[in-house]
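*Asks:* structure of the sequence below:
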Amino acid sequence: MSGLATLSTLECQRARMARDARFDGRFYVAVKSTGIFCRPICPANLPKEENVEYFIDKAQALQAGYRPCLRCKPDSAPSSWAWKGVETTLYRALQLIEQGELQSRSLAQLATRLGISDRYLRQLFQTHLGMAPKQYSQYQQLMFAKHLLHSSSMSVTDIAFASGFNSVRRFNDAFKQILKLTPSQVRKQKQENMDTNYIDLAYQGPLDWPRMLDFYRLRAIEGLEKVDDTSYQRTFLLDGCAGWFRISQHKVGVMRVEFTLEDTKLVKKLVNQLRRMFDLDSDVLSIENQLHQLDANFVQHSGIRIPGVWNCWEAGVRAILGQQVSIKAAIGQLNLLAQTLQPEGVTHFPTAQDIAGSDLSFLRMPQSRKETLARFAQIMSQTPDIALEEWLKIKGIGPWTVNYARLRGASEPNCFLEGDLVVKKALVHFPSITKETVSPWGSYATFHCWSHA
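*Replies:* Next up is the predicted model:
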């Protein structure tokens with residue numbers, strides 16, 4: 001096993017022989033005789049064990065000289081949980097690089113953001129991955145590009161810029177040199193003529209999409225969000241650029257996202273945002289298995305995931321307007337807020353600057369809550385990256401508001417709302433469900449408690 005041995009070689013062997021979908025994205029199978037690496041679920045004939053090599057990360061397989069399989073498309077595999085709980089600094093670095101950090105900043109700037117020296121950062125990558133951070137970054141760019149070639153309607157030119165290359169020529173050269181293929185060899189299917197682009201996003205395990213849509217439908221803001229029987233759509237601002245998306249279930253294990261975006265270079269950031277927002281990287285079967293062991297009757301609906309919102313700012317505003325009122329009343333205030341601040345038509349969720357610079361007397365709620373919203377907007381407009389714990393220093397914001405932002409804005413997996421009234425009522429019937437026993441999946445336990453209401 002190359003890299004971080006979270007799985008033994010025997011476990012990988014058994015998983016690939018069984019083509020066990022639960023291991024999809026957790027490791028990759030490289031075949032020495034063909035020079036190709038695959039997902040453990042690849043339908044190709046199983047190679048002999050002596051011809052196989054296992055990797056935890058796709059970048060490691062590329063580094064070893066293997067090219068991705070065109071049949072099982074390892075670039076489309078759900079994100080791996082392999083790095084969780086290993087080296088915190090390395091995991092943060094991997095996340096930032098996958099979000100395109102080294103495409104806009106230097107290695108020294110990334111190291112400073114992580115609070116370490118660039119020498120130590122290079123040492124971490126060499127120890128755990130056997131490659132330099134810049135090399136890992138390029139591999140991630142190429143695998144994302146290959147995913148877009150397979151699973152999107154974007155043009156090759158747009159894909160080149162979306163995956164972080166400054167020119168189509170550099171993109172083509174890197175693609176052929178490292179993947180040993182040309183973009184046209186990967187994109188064999190004829191592209192449809194569409195007014196909007198689409199990208200297919202893979203996930204593993206069950207996903208109760210109708211239940212998630214019901215959750216969004218009750219909380220949708222008029223003009224900003226629209227929820228029908230099969231899809232959720234909304235407009236947004238991403239780094240100041242306007243966009244729109246519609247997400248629906250394309251087939252089992254795949255969500256399709258139609259989108260428009262002013263800046264193609266932000267596509268990767270949009271994909272990361274949507275994977276977080278719709279909780280597409282959670283290992284739901286493992287989570288439900290732990291909850292089931294606590295009480296066999298607790299998980300009555302399989303596939304419940306965390307229905308996120310666009311960001312923590314939006315979650316905070318929703319929580320403040322929802323303090324001590326019903327969902328219907330809170331949405332009424334959100335509609336009033338969005339439509340009053342954007343009288344020509346709602347194009348995005350009100351920004352911190354929008355609210356901080358406005359007279360909020362039009363809102364129909366207690367004056368103290370209006371003042372809380374104004375204070376929150378003022379602070380967020382000045383320090384948008386303020387830690388959620390710091391919100392507690394803002395007058396009028398308590399633990400419930402912060403926990404709501406943790407749950408839906410940051411999509412934290414272990415936020416158990418034991419003080420919530422509906423959760424308290426559910427716990428009467430499930431005494432084995434506590435904050436301690438459901439850890440580290442408290443957020444999922446919260447939604448399962450709500451499902452019993």
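*Asks:* and the helices in the stretch 301-450 of the chain?
*Replies:* 312-321, 327-341, 352-356, 367-382, 399-404, 421-427, 435-438, 442-451 (DSSP state H, counting those that start in this stretch).
*Asks:* would you turn the ones you listed into a markdown table with mean pLDDT, mean neighbour count and distance to residue 14?
*Replies:* C-betas here are computed from N, CA, C, even on glycine. Formatted as a markdown table, the helices of the stretch 301-450 of the chain follow (pLDDT from 0 to 100; neighbours: other Cβ atoms under 10 Å; distance: least, Cβ to Cβ, whole Å):
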| stretch | mean pLDDT | mean neighbour count | distance to residue 14 |
| --- | --- | --- | --- |
| helix 312-321 | 96 | 23 | 41 |
| helix 327-341 | 96 | 17 | 46 |
| helix 352-356 | 96 | 18 | 51 |
| helix 367-382 | 96 | 17 | 49 |
| helix 399-404 | 93 | 20 | 40 |
| helix 421-427 | 93 | 15 | 38 |
| helix 435-438 | 93 | 16 | 29 |
| helix 442-451 | 95 | 23 | 27 |
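*Asks:* can you redo those helices as a markdown table with distance to residue 236?
*Replies:* Putting those into a markdown table (distance: least, Cβ to Cβ, whole Å) gives the following:
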| stretch | distance to residue 236 |
| --- | --- |
| helix 312-321 | 10 |
| helix 327-341 | 13 |
| helix 352-356 | 14 |
| helix 367-382 | 17 |
| helix 399-404 | 20 |
| helix 421-427 | 29 |
| helix 435-438 | 32 |
| helix 442-451 | 23 |
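*Asks:* who wins for proximity to residue 76 among these?
*Replies:* Minimum separation from residue 76 across the helices of the stretch 301-450 of the chain (Cβ to Cβ) falls at helix 442-451, 24.9 Å.
*Asks:* name the helices or strands packed onto the closest one?
*Replies:* helix 284-294, helix 421-427, helix 435-438 (3 or more Cβ pairs under 8 Å, 6 or more residues apart in numbering; DSSP states H and E).
*Asks:* what's the angle between it and helix 284-294?
*Replies:* For helix 442-451 against helix 284-294, the angle by axes from the mean of the first three to the mean of the last three Cα atoms, to 10 degrees is 70 degrees.
*Asks:* who touches helix 442-451?
*Replies:* By Cβ atoms under 8 Å, 6 or more residues apart in numbering, the residues outside helix 442-451 that reach it are 211, 282, 287-288, 291, 298-301, 304-306, 407, 411-417, 420, 422-423, 426-427, 430, 433, 435, 438.
*Asks:* please apply the same query to stretch 373-392.
*Replies:* With contact meaning Cβ under 8 Å, 6+ apart, stretch 373-392 is reached by 312-313, 316-317, 320-321, 351-356, 360, 363, 394-399, 401-402, 405-406, 410.
*Asks:* kindly check the end-to-end length of it for me.
*Replies:* With Cα to Cα, to the nearest Å applied, stretch 373-392 spans 13 Å between its terminal residues.
*Asks:* same check, this time on stretch 382-393
*Replies:* 15 Å.
*Asks:* in it, what's buried?
*Replies:* Judged by neighbour count (16 or more other Cβ atoms under 10 Å), stretch 382-393 contains these buried residues: 388, 391.
*Asks:* quick one: residues contacting the nearest residue to residue 226 once chain neighbours are set aside.
*Replies:* Nearest non-adjacent residue to residue 226, counting by Cβ to Cβ, 6 or more residues apart in numbering: residue 233, 5.0 Å away. Shown in contact with residue 233 (Cβ under 8 Å, 6+ apart): 225, 226, 227, 244, 245, 246, 247.
*Asks:* can you tell me which two in those residues are farthest apart?
*Replies:* Across those (Cβ to Cβ), the longest gap, 14.4 Å, separates 227 and 244.
*Asks:* one step back: select only the buried ones of the contacts of helix 442-451 in ChimeraX?
*Replies:* A single ChimeraX command is used to select the members of the contacts of helix 442-451 judged buried by 16+ other Cβ under 10 Å:
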select :282,287,288,291,298,299,304,305,306,407,411,412,413,414,415,416,417,420,423,426,427,430,433,438
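*Asks:* ok, the top strand by length along the chain: who's next to it in the sheet?
*Replies:* Of all segments of type strand in the chain, defined using DSSP state E, the longest is strand 241-251. Here strand 241-251 has these sheet partners by DSSP bridges: strand 231-238 (antiparallel), strand 254-261 (antiparallel).
*Asks:* now the first one against helix 312-321, angle please.
*Replies:* The one in question is strand 231-238. 110 degrees.
*Asks:* chain center to strand 231-238, what's the gap?
*Replies:* Distance, stretch centre to chain centre, for strand 231-238: 15 Å (Cα atoms, centre = their mean, to the nearest Å).
*Asks:* pLDDT of it, averaged?
*Replies:* What strand 231-238 shows for mean pLDDT is 97.
*Asks:* can you show me the CA trace of it as PDB?
*Replies:* Provided in PDB are the C-alpha atoms of strand 231-238 (Å, rounded to 0.1, in the frame of the first residue of the first chain):
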ATOM      1  CA  SER A 231     -34.500  19.700  -8.400                       C
ATOM      2  CA  TYR A 232     -33.200  22.600  -6.400                       C
ATOM      3  CA  GLN A 233     -32.000  25.800  -8.100                       C
ATOM      4  CA  ARG A 234     -30.800  29.200  -7.000                       C
ATOM      5  CA  THR A 235     -28.700  32.200  -7.900                       C
ATOM      6  CA  PHE A 236     -25.600  33.100  -6.100                       C
ATOM      7  CA  LEU A 237     -22.500  35.300  -5.800                       C
ATOM      8  CA  LEU A 238     -19.100  33.600  -5.800                       C
END
